[in-house]
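A.B. asks: Build me a model:
(one chain, ligands or ions: 1)
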Amino acid sequence: MMRCAVCGSDELHYVEELSATLIREWELSAKEAAYVNRQQGLQCVRCGSTLRCMALATALLRHCGGAGTLAEFSASPAAQQLRVLEINEAGGVSPFLAKWPAHVFAQYPDVDMQRLPYPDASFDLVVHSDTLEHVPDPVLGLTECRRVLREGGACVFTVPIIVGRLTRSRAGLAPSYHGEPAKGDAYLVHTEFGADAWTWPLAAGFADCRIVSLEHPAAHALIAVR
Ligand SMILES: [Zn+2]
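C.D. replies: Residues are numbered from 1 along each chain as shown. Modelled structure (predicted):
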């Protein structure tokens with residue numbers, strides 16, 4: 001039975017998230033649409049985390065050496081020491097990171113990932129979830145994430161990855177948005193990540209990039225170590 005990596009609940013429910021418009025713009029096959037829907041639509045009833053956020057939590061725990069759930073790790077002495085920068089709200093993971101005393105939150109898009117207003121080497125962790133695809137220059141965004149990390153620190157993040165193709169820029173293609181334009185919370189997609197998603201952190205100068213799979217191909221997270 002699957003348990004939520006964030007809070008430990010085994011009560012999950014599923015809501016279809018992808019619109020027909022987004023599936024068409026993204027040129028997803030039925031199989032790809034099904035796993036992206038699972039990534040974004042399978043949710044914990046108790047804490048609201050999606051499968052995507054559970055993958056993020058799993059990667060955070062893997063990097064920090066935490067056993068159990070993110071909720072349990074958050075209450076541990078180790079978490080109390082970590083200087084974490086969260087860029088854009090990381091879904092169900094966010095309320096737990098917010099409890100860490102040295103947590104800094106950068107509101108997206110008010111804070112530009114390509115020009116972070118923080119000194120070099122000032123964080124142990126940088127966390128973002130499904131935000132990098134909305135940054136015009138993802139290598140520059142990740143270069144900034146690396147700059148603000150201390151040596152050995154990690155950028156732990158998710159992007160939606162279509163595993164059977166390579167990354168493409170949407171420059172020159174019709175605009176495509178994630179979120180709901182009618183509600184005013186839609187963000188333009190600049191990059192559609194594919195099987196080579198791991199090369200972006202390396203291009204930004206990270207020493208090491210690890211892909212954590214909670215459920216392949218629906219739920220991956222990346223750990224890029226400075
Ligand atoms: Zn949960």
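A.B. asks: Next up, the contacts around the closest residue in space to residue 192 that isn't next to it in sequence.
C.D. replies: Closest residue to residue 192 apart from its sequence neighbours, by C-beta to C-beta, 6 or more residues apart in numbering: residue 168 at 5.3 Å. Placement of C-beta: from N, CA and C, glycine included. Taking C-beta atoms under 8 Å, 6 or more residues apart in numbering, we find residue 168 in contact with 191, 192, 194.
A.B. asks: now residue 122
C.D. replies: 83, 148, 150.
A.B. asks: List only those of those flagged as buried.
C.D. replies: Among these, those classed as buried by 16 or more other C-beta atoms under 10 Å are 83, 148.
A.B. asks: Could you list the buried residues of the longest strand anywhere in the chain?
C.D. replies: With residue count as the measure and DSSP state E as the assignment, the chain has strand 149-158 as its longest strand. Within strand 149-158, the residues scored as buried using 16+ other C-beta under 10 Å are 149, 153, 154, 155, 156, 157, 158.
A.B. asks: quick one on the thing from earlier: could you dump the contacts of residue 122 into CSV and include pLDDT and distance to the ion?
C.D. replies: Output for the contacts of residue 122, formatted as CSV (pLDDT from 0 to 100; distance: C-beta to the ion, whole Å):
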residue, pLDDT, distance to the ion
83, 98, 25
148, 98, 29
150, 98, 30
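A.B. asks: what residue of this protein is the furthest out?
C.D. replies: Using C-alpha atoms, centre = their mean, the residue of the chain lying farthest from its centre is residue 172. It sits 25.5 Å away.
A.B. asks: Pull the contacting residues for that one.
C.D. replies: Applying C-beta under 8 Å, 6+ apart, no residues qualify as near residue 172.
A.B. asks: Residue 165 versus that one, what's the distance?
C.D. replies: 17 Å (C-beta to C-beta, to the nearest Å).
A.B. asks: same deal with residue 74?
C.D. replies: For residue 74, the distance to residue 165 (C-beta to C-beta) stands at 36 Å.
A.B. asks: Which one of the two is surrounded by more residues?
C.D. replies: A side-by-side neighbour count of residue 74 and residue 165, using other C-beta atoms under 10 Å, places residue 74 first with 22 against 15.
A.B. asks: Counting neighbours, what do you get for the nearest residue to residue 41 once chain neighbours are set aside?
C.D. replies: Leaving out its chain neighbours, the residue that sits closest to residue 41 by C-beta to C-beta, 6+ apart is residue 17, at 4.2 Å. By other C-beta under 10 Å, 16 other residues sit near residue 17.
A.B. asks: Using the three-state scheme, assign residue 17.
C.D. replies: Following DSSP: H, G, I helix; E, B strand; the rest coil, we place residue 17 in the coil state.
A.B. asks: Got phi/psi on it?
C.D. replies: phi -110, psi -30 (degrees, to the nearest 10).
A.B. asks: Weed out the non-buried ones from the contacts of residue 168.
C.D. replies: For those, a neighbour count by 16+ other C-beta under 10 Å gives the buried set as 191, 192.
A.B. asks: Tell me the one among the contacts of residue 168 nearest to residue 121.
C.D. replies: Of all those, residue 121 sits closest to residue 191, with 26.9 Å by C-beta to C-beta.
A.B. asks: ok, what's across the strand from the closest one?
C.D. replies: residue 169 (DSSP bridges).
A.B. asks: Just the pLDDT for it.
C.D. replies: pLDDT recorded at residue 191 is 98.
A.B. asks: quick one: contacts for it?
C.D. replies: 132, 133, 135, 138, 159, 167, 168, 169, 170.
A.B. asks: Thank you kindly, that will do.
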